[in-house]
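S.K.: The amino acid sequence is not available; the structure is as follows:
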């Protein structure tokens, strides 16, 4: 049995720098920064779901609950 690797966490200084960059990109408006990050997160979640749907059940070894009907694959 293999252990699931722990996700790596950025250093606190990296997080502060990234937060400063995001706020600067939104002209210093923290509210707009949060909105932009929520939109970006939603986009990434949609991409993740798309990728999960494209991985075969055999390859993922049942790690994901994949739909059995793949008619949407060709849309």
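M.R.: Received, thanks. Quick caveat: nothing in here was measured; it's all calculated off a predicted structure.

S.K.: So which residues of the protein form helices?
M.R.: Counting by DSSP state H, the chain has helices at residues 12-25, 30-54, 57-60.

S.K.: Now render the ones you listed as CSV, adding mean pLDDT and mean neighbour count.
M.R.: Using the backbone N, CA and C atoms, a C-beta is placed for each residue, glycine as well. Listed next are the helices of the chain as CSV, based on pLDDT from 0 to 100; neighbours: other Cβ atoms under 10 Å:
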stretch, mean pLDDT, mean neighbour count
helix 12-25, 93, 11
helix 30-54, 93, 11
helix 57-60, 64, 10
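
S.K.: pLDDT value on residue 73, please?
M.R.: We note a pLDDT of 56 for residue 73 in this prediction.

S.K.: whoops, residue 9 was the one
M.R.: 76.

S.K.: distance of it from residue 42?
M.R.: From residue 9 over to residue 42 the distance is 22 Å, taken as Cβ to Cβ, to the nearest Å.

S.K.: Next: residue 19.
M.R.: 19 Å.
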